[in-house]
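Chemist: how does the following fold in three dimensions:
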Amino acid sequence: MKKLLFVCLIIVSIVSISCVRKSADLGPVTDMGVTVRLLTDATGVDDKSFNAAAWRGILEFYGDSWANPRQRGKAYDWITAQDQSMYIPNLRQATDEGYDLIIVNGFTWDESLTVVSNDNPNQKYLIVDVDWVEAGEIMQAAYAEHEGSYLVGVAAALKALEDGIAKPRFGFIGGMAGAVITKFEVGYVQGILSIIPDADIVDYYVGDWGQPALAKAQAMNWYDSGVYAIFSAAGNSGNGTIAQAKEYRMAGRNVWAIGVDSDQFEEGLYNAKDSAVLTSMLKRVENSVIYALNAVKNNTFNSEIVVFDLKAEGVGYSDVNPALSQNIVDRLELIKAQIASGNITVAATLADAMRLPRFPQNLRAIDD
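Modeler: Just a heads-up that it's a prediction; the model follows:
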């Protein structure tokens, strides 16, 4: 009898081990019933901007935090591509590992995602900041960046007037020129011109998302030439603008940086309470990530383009810096409501913006 019992225990153990191995082969497991991997470019989830917002959305969905990502490696994970040659391998790896949803950020992923999704028509993907991919089962999250950027342009112009700046100049630094970044620039410019119709505006494109030194050098040059505020939509490169603004404000210079995607107030702190980041254009990427994850969870995921605009709280601005007076915030809230209701229309393309009175005709933005 004891011998029979021993044999049975061995059989049960073998079956249990086999089941564990089979379960492991199926990929990560979570109580939420949904698994996800975020794929980033070389700037990673610590870019304090675009990728960071997507990572926060994942953490929020699972009830975790940045400091305590309890289910990382089981329910969710992220992996960074050091250059674009790793985009397709990383996409294929995540697909092969069986994640329910794979997320990529930015238009630099569009061609690689098209290739991999065509080979895997049943895999669910979310691409953020793109609305033109025609392949596979892909949800595309687009944003009304021009609307949020209009608000930070208004904020910068109102602050300049409040400070009594004579003939203030404003700058815009982009990462890589393209239709998405153009929406940031033209919205920002329209916001400035709505307050100061004859404002002087300059722009510069780094040509890379990960070169903060180049943005810092340009910011120094502009601040030295009298530019009052610089809005950067350049990924990690934009951190160079913030770094230069911090240095100059520490030295007593009245200049400002404007953050992007996430609230970059803390990145601009140069003492315990003062920040060189006047405001940030908030692109609530976390909302699109949560939207897609809920769609997977509820079996309502579709290959569709979802637009997150000001009315849907997809974009906005940060008002945490005390340097934004209540008068400025009140004005911004009024304008925000007017945009959301359609009473103010913000052009989203360079072609449309250039038809507006006094809009600069020499910007480096492109619509392609």
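Chemist: hey, let's count contacts and neighbours off CA atoms from now on
Modeler: Noted.
Chemist: which residues touch residue 110?
Modeler: Applying Cα atoms under 8 Å, 6 or more residues apart in numbering to residue 110 gives the contacts 127, 130, 133.
Chemist: now the helix or strand containing it, how far from the centre of its chain.
Modeler: Assigned by DSSP states H and E, residue 110 belongs to helix 110-119. Mean C-alpha position of helix 110-119 versus that of the full chain (Cα atoms, centre = their mean, to the nearest Å) differs by 21 Å.
Chemist: show me which residues of it are buried.
Modeler: Using 16 or more other Cα atoms under 10 Å as the test for burial, helix 110-119 gives 110, 112, 113, 114, 116, 117.
Chemist: please apply the same query to stretch 359-368.
Modeler: Neighbour-count burial for stretch 359-368 [16+ other Cα under 10 Å]: 359, 360, 363, 365.
Chemist: now the two most distant members of those.
Modeler: 359 and 365 (12.8 Å; Cα to Cα).
Chemist: once you drop chain neighbours, what's closest to the residue nearest the centre of the chain?
Modeler: Centroid check for the chain by Cα atoms, centre = their mean gives residue 50 as the closest residue, at 2.7 Å. The shortest distance from residue 50 to any non-neighbouring residue, by Cα to Cα, 6 or more residues apart in numbering, is to residue 261 (5.5 Å).
Chemist: give the contact list for residue 147.
Modeler: For residue 147, the contact set (Cα under 8 Å, 6+ apart) comprises 187, 309, 310, 315, 316, 339, 346.
Chemist: now those residues in JSON lines, with secondary structure and distance to residue 205?
Modeler: JSON lines is the format used below for these (DSSP: H, G, I helix; E, B strand; the rest coil; distance: Cα to Cα, whole Å):
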{"residue": "187", "secondary structure": "helix", "distance to residue 205": "16"}
{"residue": "309", "secondary structure": "coil", "distance to residue 205": "25"}
{"residue": "310", "secondary structure": "coil", "distance to residue 205": "26"}
{"residue": "315", "secondary structure": "strand", "distance to residue 205": "23"}
{"residue": "316", "secondary structure": "strand", "distance to residue 205": "23"}
{"residue": "339", "secondary structure": "helix", "distance to residue 205": "28"}
{"residue": "346", "secondary structure": "coil", "distance to residue 205": "22"}
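Chemist: from those residues, pick the one nearest residue 62.
Modeler: Checking the contacts of residue 147 against residue 62 with Cα to Cα, the nearest one is residue 315 at 22.7 Å.
Chemist: out of the buried residues of helix 110-119, which comes closest to residue 284?
Modeler: Residue 284 lies nearest to residue 110 out of these, by Cα to Cα, at 20.3 Å.
Chemist: could you dump stretch 110-120 to CSV, C-alpha only?
Modeler: Output of stretch 110-120 as CSV, limited to C-alpha atoms (Å, rounded to 0.1, in the frame of the first residue of the first chain):
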residue,chain,number,x,y,z
ASP,A,110,5.1,52.7,-38.0
GLU,A,111,7.0,50.8,-40.6
SER,A,112,8.4,48.1,-38.3
LEU,A,113,4.9,47.6,-36.8
THR,A,114,3.4,47.3,-40.3
VAL,A,115,5.8,44.5,-41.1
VAL,A,116,5.4,42.5,-37.9
SER,A,117,1.6,43.0,-37.6
ASN,A,118,1.1,41.8,-41.2
ASP,A,119,2.9,38.6,-40.2
ASN,A,120,0.8,38.3,-37.0
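Chemist: show me where the stretch 151-300 of the chain has its helices.
Modeler: Assigned by DSSP state H, counting those that start in this stretch, the helices in the stretch 151-300 of the chain fall at 179-195, 212-224, 239-250, 285-297.
Chemist: got CSV for these, with mean pLDDT, distance to residue 173 and mean neighbour count too?
Modeler: Shown next, in CSV, are the helices of the stretch 151-300 of the chain (pLDDT from 0 to 100; distance: least, Cα to Cα, whole Å; neighbours: other Cα atoms under 10 Å):
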stretch, mean pLDDT, distance to residue 173, mean neighbour count
helix 179-195, 96, 8, 25
helix 212-224, 98, 7, 19
helix 239-250, 98, 8, 24
helix 285-297, 95, 21, 21
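Chemist: would a markdown table of those with distance to residue 168 be doable?
Modeler: Shown next, in a markdown table, are the helices of the stretch 151-300 of the chain (distance: least, Cα to Cα, whole Å):
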| stretch | distance to residue 168 |
| --- | --- |
| helix 179-195 | 10 |
| helix 212-224 | 11 |
| helix 239-250 | 16 |
| helix 285-297 | 32 |
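Chemist: these: which one's closest to residue 78?
Modeler: Residue 78 lies closest to helix 285-297 among those, at 13.4 Å (Cα to Cα).
Chemist: what pairs with the following helix or strand past the closest one, and is each one parallel or antiparallel?
Modeler: Under the assignment DSSP H and E, the closest C-terminal helix or strand after helix 285-297 is strand 305-308. Using DSSP bridges, strand 305-308 pairs in its sheet with strand 137-143 (parallel).
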